[in-house]
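1. Just the structure for this:
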Amino acid sequence: MPFKLFDRFTSAVDVSDERYIHYQRKRLIPFTSTPFKSEPTFPSRQASKEYAPSISSRPPSLRSGRQNTGDSVSTTAYGPDRWDDEPVGERPPGWLELSGDLAWTATFSSLTSNTEITGGKSIVSYAVFFGMVWQLWASQATYDIKFYTNDWWHRLFFILQLCVYGGLAAFTSDFDIFWGLSEGEDIFVGDAGRLTAQAIAENTIRKKQLSFMGIALVIAISRSLLLIQYLRVAFYRSKHQISSWLHMLTPISIAISAVLFFACFSILKTVDQTRASSVVQLVLWGSAMLIELIGHAFTPDDSKDQLRGHGSITERLSTLTVIVMGEGLNGLCNTLKLSVNALGFGTKTIYQIGAIAIILYFFWLLYFDGFRKRLPPRKTKKEIWLLLHLPFHLFLILMLEASSNPLRDKIYQ
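-> Reported below is the predicted structural model:
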């Protein structure tokens with residue numbers, strides 16, 4: 001009996017099957033490809049006039065100047081809303097961006113689980129680390145929405161990016177930004193015959209030093225990887241003859257940031273931890289982040305008519321907000337589970353769950369349902385709008401962590 005099921009493995013390719021040929025060509029992924037169009041097209045004035053209909057031909061809602069706020073691209077009385085942040089052109093699949101956002105969550109998730117946020121110093125330490133890793137995400141997301149192309153180059157760098165996030169998560173145990181700035185605390189020795197207080201102190205110092213060295217090195221590597229990606233974009237700019245020295249501000253600032261983090265790593269490796277070296281380390285970290293922000297702020301945006309594809313930063317931020325909210329809610333639910341197992345399920349627990357649900361609902365309502373998904377028209381306002389998500393995400397995760405502290409205190413009383 002012939003096995004017709006396997007005939008397709010040995011049959012000849014039908015060159016007349018256009019659908020088959022089309023999908024086979026799409027599977028041919030180049031090593032690298034340009035993010036710019038071969039011949040940038042700009043809308044002419046005539047096309048703009050044709051795009052905006054006359055007042056008499058507009059719907060009644062547009063004649064009165066009101067806006068259509070449906071799910072599609074919104075339209076005003078003057079035609080399409082130019083500032084709606086909608087993805088256009090060739091874009092990576094949504095699951096790929098989601099995978100990167102979830103991997104980034106592992107960085108501060110590990111810090112949250114390994115650090116008890118109870119006082120001012122712990123809040124400042126958490127805010128410093130969260131701000132650094134949030135800046136890593138924002139700089140990479142800004143690059144991806146503009147210059148990501150479907151090639152092996154970006155697939156390789158995506159894997160390296162996941163390794164960076166995993167490396168940061170490995171060095172978050174007992175992260176304390178004030179280490180080295182204050183006097184050492186008394187350490188509980190336990191069995192003095194088994195382990196002396198001096199050995200415990202030396203082990204603690206070594207662990208914290210390795211943690212700071214690892215964070216500085218991993219961030220320096222991440223800046224180097226992003227710099228290589230921007231240099232590739234600069235190469236394609238020169239080929240398309242659309243380069244400007246202003247576009248080099250971002251890679252220059254990232255290069256300076258990488259050098260400062262490598263310098264911080266070198267100082268931590270070669271110099272004993274003192275108050276002076278701790279101050280120098282914090283100054284280098286802060287300077288690196290500030291220089292990078294300034295470089296991004298003064299770099300002009302590329303026109304969407306020049307790029308093969310342009311993503312939506314509002315969609316990326318919305319996804320990140322949901323992930324941050326879910327991470328905080330996950331930690332809160334774990335605390336509630338411990339509280340129910342230890343103290344039982346009473347009326348106070350119901351009240352606390354209800355209060356947290358109301359807070360989360362209004363957070364969601366204000367962010368996702370209270371405003372339209374659009375960007376400000378000016379670049380300065382865009383940058384400010386983007387940076388305001390840092391304190392928003394930080395306060396959101398701290399609020400959820402603080403909500404679980406009263407339950408934690410009852411469990412361990």
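
2. Quick one: name whatever helix or strand follows the helix or strand of the chain with the lowest mean pLDDT.
-> Lowest on mean pLDDT, DSSP states H and E among the helices and strands of the chain sits strand 79-80, with a mean of 34. Going down the chain from strand 79-80, the next helix or strand is strand 88-89, by DSSP states H and E.

3. Paired strands for that following strand, with orientation please.
-> strand 309-310 (antiparallel) (DSSP bridges).

4. pLDDT score assigned to Ser109?
-> As predicted, Ser109 sits at a pLDDT of 78.

5. That one touches Gly166, doesn't it?
-> No: using C-beta atoms under 8 Å, Ser109 makes no contact with Gly166, being 11.7 Å away. Any C-beta I mention is one placed from the backbone N, CA and C, and that applies to glycine too.

6. Settle it for me: which of these two has more neighbours?
-> Ser109 (20 against 14; other C-beta atoms under 10 Å).

7. list the contacts for the more buried one?
-> The contact partners of Ser109, by C-beta atoms under 8 Å, 6 or more residues apart in numbering, come to 169, 327.

8. now the one 4 residues further on
-> Contacts were defined as C-beta under 8 Å, 6+ apart; by that measure Ser113 touches Gly331.

9. switch the cut-off to 10 Å
-> 169, 172-173, 327, 330-331, 334 (C-beta atoms under 10 Å, 6 or more residues apart in numbering).

10. Repeat that for Phe129.
-> Contacts of Phe129 by C-beta under 10 Å, 6+ apart are 107-108, 111, 115, 168, 171-172, 175-177, 215.

11. Helix or strand for it, just tell me which one.
-> Going by DSSP H and E, Phe129 is part of helix 120-147.

12. what about Gln140, how many neighbours?
-> Neighbours of Gln140 (other C-beta under 10 Å): 20.

13. Could you report the pLDDT at the closest residue to Tyr236 other than its chain neighbours?
-> Leaving aside its sequence neighbours, Tyr236 sits nearest to Thr34 (C-beta to C-beta, 6 or more residues apart in numbering; 4.5 Å). In this model, Thr34 is scored at 89, pLDDT.

14. Please apply the same query to Phe345.
-> 71.

15. Give me the neighbour count for it.
-> 12.

16. what helix or strand does the closest residue to Leu225 other than its chain neighbours sit in?
-> Distance criterion C-beta to C-beta, 6+ apart; nearest residue to Leu225, sequence neighbours excluded, is Leu160 at 5.7 Å. In this assignment (DSSP H and E), Leu160 forms part of helix 152-170.

17. and the angle from the helix or strand following that helix to helix 120-147?
-> Remark: after helix 152-170, the chain's next helix or strand is helix 197-240, criterion DSSP H and E. For helix 197-240 against helix 120-147, the angle by axes from the mean of the first three to the mean of the last three C-alpha atoms, to 10 degrees is 20 degrees.

18. now the angle from the strand or helix carrying Ile291 to helix 197-240?
-> Assigned by DSSP H and E, Ile291 belongs to helix 275-298. Here helix 275-298 runs at an angle of 20 degrees relative to helix 197-240 (the same axes, to 10 degrees).

19. quick one: buried residues of helix 275-298?
-> 277-278, 280-282, 284-285, 288-289, 291-293, 295-297 (16 or more other C-beta atoms under 10 Å).

20. Give me the helices and strands touching that helix, please.
-> Helix 275-298 sits against helix 120-147, helix 197-240, helix 249-270, helix 379-387, with contacts defined as 3 or more C-beta pairs under 10 Å, 6 or more residues apart in numbering; DSSP states H and E.

21. Same list (the ones you listed) but as CSV, adding distance to Leu317.
-> As requested, those are arranged in CSV below (distance: least, C-beta to C-beta, whole Å):
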stretch, distance to Leu317
helix 120-147, 8
helix 197-240, 19
helix 249-270, 19
helix 379-387, 8
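
22. Out of the ones you listed, which gets nearest to Leu320?
-> helix 120-147 (7.2 Å; C-beta to C-beta).

23. quick check, Asn34 in a helix?
-> Residue 34: Thr, not Asn. No: under DSSP: H, G, I helix; E, B strand; the rest coil, Thr34 falls outside any helix and is assigned coil.

24. ok, it - contacts?
-> 147, 149, 151, 232-233, 235-237, 239-240, 307-308.

25. from these, which would you call buried?
-> Buried among those (16+ other C-beta under 10 Å): 147, 149, 232-233, 236-237, 307-308.
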